[in-house]
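Enquirer: What would the 3D arrangement of this be:
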Amino acid sequence: MVLKETDATPTVVKPGLKRRLLHTNNLMMVAIEFTGGPWDKPDPLHSHVHEQITYIAEGEVIFFMEGESGQVLAKGDMVSVPSQKKHAIQLLSTRAVLIDSFNPPREDFL
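Expert: Numbers count the residues shown, from 1 in each chain. Got it, this is the predicted structure:
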């Protein structure tokens, strides 16, 4: 399946957060656009059963992960998040686009 940017209207999750997704039975990719930065503080930490890999396509964020120091990530950087590991971001630029891959797919996003 091919999904062009013009084929799918992004879902507005909340002000400053839009996402588009594509998935198979075992894998999900989500393009998430954050706007309204820089933020004064990070989003709350959260966790899920899904393994996650994040690619920073645009912008700059601080990536926080339970038990580790926050890391400044910019375009081209990647991070992996194990299942059940708490994590969050803080937007440093005015806008950022993150590409998240999840296994298994996140049913809460469908």
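
Enquirer: so how far is stretch 13-27 off the chain centroid?
Expert: 9 Å (Cα atoms, centre = their mean, to the nearest Å).

Enquirer: CA-only coordinates of that stretch, as CSV, when you get a sec.
Expert: Output in CSV follows, covering the C-alpha atoms of stretch 13-27 (Å, rounded to 0.1, in the frame of the first residue of the first chain):
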residue,chain,number,x,y,z
VAL,A,13,-4.9,14.8,18.5
LYS,A,14,-4.8,18.1,20.4
PRO,A,15,-3.7,21.7,19.5
GLY,A,16,-0.1,21.5,18.3
LEU,A,17,-0.2,17.7,17.6
LYS,A,18,-1.2,16.0,14.4
ARG,A,19,-0.5,12.5,13.2
ARG,A,20,-0.8,10.3,10.1
LEU,A,21,-0.3,6.6,10.1
LEU,A,22,0.1,3.5,8.0
HIS,A,23,0.1,0.0,9.4
THR,A,24,0.1,-3.7,8.6
ASN,A,25,-0.9,-6.5,11.0
ASN,A,26,2.4,-6.4,12.8
LEU,A,27,3.9,-2.9,12.3
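
Enquirer: So which residues of this protein form helices?
Expert: Shown for the chain, no helices are assigned by DSSP state H.

Enquirer: The closest residue in space to Leu98 that isn't next to it in sequence: what's it in contact with?
Expert: Excluding the flanking residues, the one nearest Leu98 by Cβ to Cβ, 6 or more residues apart in numbering is Ile32, at 4.8 Å. In short, each C-beta sits where N, CA and C put it, glycine included. Residues in contact with Ile32, defined by Cβ atoms under 8 Å, 6 or more residues apart in numbering, are Leu17, Lys18, Arg19, Val97, Leu98, Ile99, Asp100.
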